[in-house]
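Novice: the sequence and its predicted three-dimensional model are supplied below.
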Amino acid sequence: MKIHIKQPVALNETGGKTTNQDFVYPLKNQANPEEKLFIVCDGNGGPNQGDVAARLVALSLAKYFASTPLQGQIDGPYLQAAVKAAEDSLKAYKGAHPEASKMSAMMSLLHLGDEQITMAWVGNTSPVYYNAKHKKIVPATEDKTTLGGTILGGEEPAEAYFKFVPLEDLNIGDSFFLATDGIKEQVDDHTLGTLFTSGDEATPDFLVGEINNLSQGFTQDNYSCYLVQIEKIEKEGSSTAPYSKTPESETAEAADLSSSSLDKEARRNRRYATIGIVAVLLTLFGILIWNSRKPSYERYRAKAQSLQIENKYSQARAYFDSAIAHARRMEAPDSFLNATIRERNALVTILNIEAGTQIEEKALEELSLSPEQYIEQGNIMMSNGNYQEARTNYTYAQRLLDNDPRYMDKEEYAKVMVPADSMAKALIMVADLFYEQDDRDWQKAENNYAQALTMLEGSDISLEDALVKRTKIRLQACRENLGIAAPGSQDLELLAENTKPQPGADQRTTKSRGLQESSAQPAGNLSDLKEPTAPSRANARVSNLSTRGVDEASMADQRKALATGKRMFVEAKEKSAEYLYLQAAQYLEQAGPALDGAGAYLVAYLYHMGQGVVADRAKALRYAQLSALKGWAAGQYLYGHILLERQYPRDTITARESLIKAADQNYLDAIKRLGQIGN
């Protein structure tokens, strides 16, 4: 397999400094599509030191790659040796020039190999890889080659990182971007993503031109970059035969060369004159364009508006985000900023409603950012009013914190905390979208309101009293419309959170009553569920219900029994009264066909824990299965939990399916449990 790239494009500008301490290899305007190695270096140490450091590092690396034959593909040891060669060059220079003792550099490198593309970097200059197929920037997750300093200084081994991309994973249009701080301060990954997704116009010249526009006059640093874009990918055997010259063509070419040599000097002079005239015209044209062009934030907003008219909502949202970010950075008028935020939020509302505001389910290994980065993105989304994406990023951060071994230590965990007040507010705002739309989605609104109140319960999170009160009222309205709560009942989702069993939790013992637990048989899939039969302990009212049939009167009694059972469960919880738990179980089981997901969960919990009733695993499993089938997140979690506790091999798949359904409803303990079982 062989790849062909478009003409690489570079920047190497002095920017806001008096001297340029950046260096690019190949030099600006000297690269060609046959190049295999690209390097961007950011020097430190002041004038006549930082520039020397950047140049030494780049040229030392280039020399090493040119002089050291590869044994197969580039790997960690090869890169480590290349970085050491650069360190040695700095060390030797410092030895001969004591005044340069503080010189150092950071670098990013791109190498196009026969089987893979290699990205390597030292410091905060990590390359950016844009995947054209998936239309997103792929973060450069890395491996370390050595532990040591974060810069190249010639004093200790540098902390070098690298990432390999196999050629078979590449797509036409994929791009690799190396840049120094001067650009990254003005053009973040989100803005880059916006530029890369601009369609057919996203050529290297266009992209680097836009990046230059966003950096020039705004950054206080030097700014440099290289952009390399895949133009064509040839598989083995698909390439054409090389062009060969015939004797006749060689004779004609020789005659042309002889003729041209006679007036070579004249043609060169004409060429220089033409270039001079064109340069003057381009300079004048550039000055006119510069003076008349709109600020970048206005251009981004105009682009967003045109995309919205074309119903390209996702792209429009990205451009609105960039417009807001640049408006804040460039201190645009408040009227412009506020109007743009309103337009953007209105668009987000449309997108959230269309998408169902569901968190994209990802395995832990697919979460490529760090918890800190997800939290930072969540904070940005909150400030932009994009509450759904804020909630998504905060949830990803929490999943990583709960499952990443690096954060198992309490002190390390405490250093990185998801802002609970922001998360709770994001959940409430997402719920409001469903509650306030014309065709209300009671279930989705209820899920988000309930999770927000769960976070607020027993914590020191402080939100506006009016917001919390409104949330409780709306949650009650949602549950009444869903038929899962009687008027005036308390928050059952909070009960679900407060009564959820933990992995490995022991059921309450019942030996003092002289009773044994029932044996449980393997359960099938969720689709195998049948309605539970009435318990043998049911009172006379139960038998009356069964003989009357399911008519309107009996359904009314069953709904009343359901509401009474829920209220008695709440009371039992408050008073820690076993007899009230028993009565709650009896009333809930009397509900029969009226038993909803929340009620079935409470019955399952009571039989699972032996709370007020004799622990009965078979009944616990059956009612948890019923709750799961009815879509109650806590029931889906309990059903998966019970299946995993039984340790039957064939239960694992069903348990994982149920936990995933709960996780889809943002049930955090289900998400955590999936991580524990390696989903």
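Specialist: Nice, I can see it.
Novice: helix/strand/coil for Tyr130?
Specialist: With DSSP: H, G, I helix; E, B strand; the rest coil as the basis, the three-state label of Tyr130 is strand.
Novice: run through the bridge partners of it.
Specialist: Per DSSP bridges, the residues bridged to Tyr130 are Ile137, Ser175.
Novice: from Gln315, how far off is it?
Specialist: In this structure, Tyr130 and Gln315 are 15 Å apart, going by C-beta to C-beta, to the nearest Å. All C-beta atoms are positioned from the backbone trio N, CA, C, and that covers glycine.
Novice: more neighbours, those two?
Specialist: In this view Tyr130 and Gln315 are compared by other C-beta atoms under 10 Å, and Tyr130 has more residues nearby, 25 against 19.
Novice: surely that one touches Val138?
Specialist: Yes: applying C-beta atoms under 8 Å as the test, Tyr130 and Val138 come out as touching, 7.4 Å apart.
Novice: tell me which stretches of the stretch 201-350 of the chain form helices.
Specialist: In order along the chain, the stretch 201-350 of the chain carries the following helices (DSSP state H, counting those that start in this stretch): 204-215, 247-262, 264-292, 296-309, 313-329, 334-355.
Novice: lowest mean pLDDT across the ones you listed, which one is that?
Specialist: The minimum mean pLDDT among those belongs to helix 247-262 (a mean of 44).
Novice: and stretch 155-165, average pLDDT?
Specialist: In this model, stretch 155-165 has an average pLDDT of 82.
Novice: buried residues in it?
Specialist: Of the residues in stretch 155-165, Ala158, Glu159, Ala160, Tyr161, Phe162, Lys163, Phe164, Val165 count as buried by neighbour count, 16 or more other C-beta atoms under 10 Å.
Novice: who does the fifth one bridge with?
Specialist: If I follow you right, that is Phe162. Listed beta-bridge partners, Phe162: Ala120, Asp143 (assigned using DSSP bridges).
Novice: what helix or strand does Gln451 sit in?
Specialist: Counting by DSSP states H and E, the secondary-structure element that holds Gln451 is helix 442-456.
Novice: buried sites along that helix?
Specialist: Of all the residues in helix 442-456, those buried under the rule 16+ other C-beta under 10 Å are 442, 444-456.
Novice: from these, which is closest to Leu482?
Specialist: Among these, Trp442 lies closest to Leu482 (C-beta to C-beta), at 5.2 Å.
Novice: where's the closest one relative to Cys478, distance?
Specialist: With C-beta to C-beta as the criterion, Trp442 and Cys478 are 5 Å apart.
Novice: equivalent analysis for Thr150, please.
Specialist: 51 Å.
Novice: check Glu234 too.
Specialist: In this view, Glu234 and Cys478 are 58 Å apart by C-beta to C-beta.
Novice: just to revisit the earlier point, alpha carbons only: can I get the helix holding Gln451 in PDB?
Specialist: Backbone C-alpha positions of helix 442-456 (Å, rounded to 0.1, in the frame of the first residue of the first chain) are rendered in PDB as follows:
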ATOM      1  CA  TRP A 442     -42.600  12.600  30.100                       C
ATOM      2  CA  GLN A 443     -40.200   9.700  30.400                       C
ATOM      3  CA  LYS A 444     -37.100  11.500  29.300                       C
ATOM      4  CA  ALA A 445     -37.900  14.500  31.300                       C
ATOM      5  CA  GLU A 446     -38.500  12.400  34.300                       C
ATOM      6  CA  ASN A 447     -35.200  10.500  33.900                       C
ATOM      7  CA  ASN A 448     -33.200  13.700  33.900                       C
ATOM      8  CA  TYR A 449     -35.100  15.500  36.600                       C
ATOM      9  CA  ALA A 450     -34.800  12.500  38.900                       C
ATOM     10  CA  GLN A 451     -31.000  12.100  38.400                       C
ATOM     11  CA  ALA A 452     -30.500  15.800  39.100                       C
ATOM     12  CA  LEU A 453     -32.500  15.600  42.400                       C
ATOM     13  CA  THR A 454     -30.500  12.500  43.300                       C
ATOM     14  CA  MET A 455     -27.300  14.400  43.100                       C
ATOM     15  CA  LEU A 456     -28.800  17.200  45.200                       C
END
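Novice: beyond that helix, next helix or strand please.
Specialist: Counting by DSSP H and E, the next helix or strand C-terminal to helix 442-456 is helix 465-482.
Novice: which parts of that following helix are buried?
Specialist: Under the neighbour-count criterion of 16+ other C-beta under 10 Å, helix 465-482 has Val468, Thr471, Arg474, Leu475, Gln476, Ala477, Cys478, Arg479 buried.
Novice: how far away is Glu159 from Ile151?
Specialist: With distances defined as C-beta to C-beta, the gap from Glu159 to Ile151 amounts to 9 Å.
Novice: look at Pro139 and report its pLDDT.
Specialist: Confidence per residue is given as pLDDT, and for Pro139 that number is 67.
Novice: actually His111, not the one I wrote
Specialist: Reading off the per-residue confidence, His111 sits at a pLDDT of 95.
Novice: shaky segments in the stretch 451-600 of the chain?
Specialist: 457-460, 483-500, 502-553 (pLDDT under 70).
Novice: give me the common contacts of Glu159 and Ile151.
Specialist: When contacts are counted by C-beta atoms under 8 Å, 6 or more residues apart in numbering, Glu159 and Ile151 are jointly contacted by Val122.
Novice: strands along this structure, start to end?
Specialist: Taking DSSP state E as the criterion, the chain carries its strands at 2-5, 9-13, 22-25, 37-44, 104-112, 116-122, 128-131, 136-138, 143-144, 160-166, 175-179, 223-234.
Novice: now the ones you listed in CSV, with distance to Ala332?
Specialist: Putting those into CSV (distance: least, C-beta to C-beta, whole Å) gives the following:
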stretch, distance to Ala332
strand 2-5, 37
strand 9-13, 24
strand 22-25, 29
strand 37-44, 29
strand 104-112, 32
strand 116-122, 33
strand 128-131, 26
strand 136-138, 26
strand 143-144, 41
strand 160-166, 37
strand 175-179, 25
strand 223-234, 22
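Novice: to Phe320, which of those lies closest?
Specialist: Going by C-beta to C-beta, the one of the strands of the chain nearest Phe320 is strand 136-138, 17.7 Å.
Novice: which outside residues touch that closest one?
Specialist: Applying C-beta under 8 Å, 6+ apart, the contact partners of strand 136-138 are Val128, Tyr129, Tyr130, Asn131, Asp189, Leu192, Gly193, Phe196, Ser368.
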